[in-house]
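**Q** sequence and predicted model, in that order:
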Amino acid sequence: MKSKYIIFIKLTVLNLVIILSLSCSSKRTDIKDEQIVAINSVEEENNSDSTLNSISGNAAMSQIATVPNNIILTGLINHRLVSIYKQHQQGNTTIVDDIRQKVSYSEYEGSDNMEYTHYMPGIDILSGYKLLNISHYDFITEKQNLFFNKPVLIKTLYYPAFEQDSINKIPVNRNYYLVSVYDVDTNKDTVINKKDLRHFYHFEETATIKTSLLPLDYSVIRSQYDYGKDIMYLYAKQDINKNGIIDKNEPLHIFWIELKNPQKAKRLY
């Protein structure tokens, strides 16, 4: 009886080992399959992004399939904007990516001031992905014009906020636009994409006069708002070796512009 019991235990243990072995083998196979799928997905996404978020350096607006998206309400009552995107299809559906950001500065930079609810006082932003241009419409003249005379890749559009803002209970109104954009094939590889220098421009309220606020051999990296002085800091790297791209060892400088009346940026560091 005792020997039968021992045999039963051995068989039970053997069966358990086999089951566990098969289970682990199955799990390893599943994990391996999942890793392969994940890697392929990332590669496809990167390939797709590089294709969709780039344009020919010599292209005209008429040579690229575009689609207008939402009307952008601005704080200038007679001025409205339309975002224009590179059109791509997914099945029978036209895909448009319009990322409107309305973030309070208190959330963005940790300020205790809660008097305004926009990206910066009086300014909202539109973050671009496949955003090729901005159309401006004037209700007084009933005329339309484009910000850029050719396709570009707009990273960020800063525009006058539709809702009224204030700083220290004093109303704030902006009457201009700022644009962070890849607009030149600076590295001469025949396409405009994120490998090129990113420039920073000011447009007056009719969007007909464009002014570069940073030297064109700089590529803007990011911005920061100074509530105490109502100024905008621009962090930008300089293309020292003139190869049209930003290398890791090239210097980072900080500039500032006054938001009440933006002029050429002044270097702070």
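**A** Thanks, I have it.
**Q** T211 pairs with what?
**A** Under DSSP bridges, the beta-bridge partners of T211 are H202.
**Q** what's stretch 58-65 in contact with?
**A** Residues from elsewhere that reach stretch 58-65, judged by CB atoms under 8 Å, 6 or more residues apart in numbering: I55, S56, K86, Q87, L132, N133, L146, K150, P151, T190. Glycine gets a C-beta too; all of them are placed from N, C-alpha and C.
**Q** tell me the one of these nearest K210?
**A** Comparing the contacts of stretch 58-65 against K210 with CB to CB picks out L146 as the nearest, at 10.9 Å.
**Q** for burial, what's the neighbour tally of that closest one?
**A** Residues within reach of L146, counting by other CB atoms under 10 Å, total 18.
**Q** could you do G122 as well?
**A** The number of residues near G122, taken as other CB under 10 Å, comes to 25.
**Q** now the one 5 residues further on
**A** Number of residues near S127 (other CB under 10 Å) recorded here: 16.
**Q** what bridges to it?
**A** Counting by DSSP bridges, S127 is bridged to I99, T156.
**Q** which pLDDT value goes with it?
**A** pLDDT recorded at S127 is 89.
**Q** same check, this time on A60
**A** pLDDT for A60: 91.
**Q** how about I6?
**A** If you check I6, the pLDDT there is 47.
**Q** strands of the stretch 101-250 of the chain, start to end?
**A** Per DSSP state E, counting those that start in this stretch, the stretch 101-250 of the chain carries strands over the ranges 123-127, 131-138, 143-146, 153-160, 165-167, 170-172, 176-182, 191-192, 199-204, 210-212, 218-226, 231-238.
**Q** mind putting those into JSON lines with distance to E258?
**A** Listed next are the strands of the stretch 101-250 of the chain as JSON lines, based on distance: least, CB to CB, whole Å:
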{"stretch": "strand 123-127", "distance to E258": "13"}
{"stretch": "strand 131-138", "distance to E258": "23"}
{"stretch": "strand 143-146", "distance to E258": "26"}
{"stretch": "strand 153-160", "distance to E258": "14"}
{"stretch": "strand 165-167", "distance to E258": "13"}
{"stretch": "strand 170-172", "distance to E258": "13"}
{"stretch": "strand 176-182", "distance to E258": "12"}
{"stretch": "strand 191-192", "distance to E258": "30"}
{"stretch": "strand 199-204", "distance to E258": "11"}
{"stretch": "strand 210-212", "distance to E258": "14"}
{"stretch": "strand 218-226", "distance to E258": "10"}
{"stretch": "strand 231-238", "distance to E258": "5"}
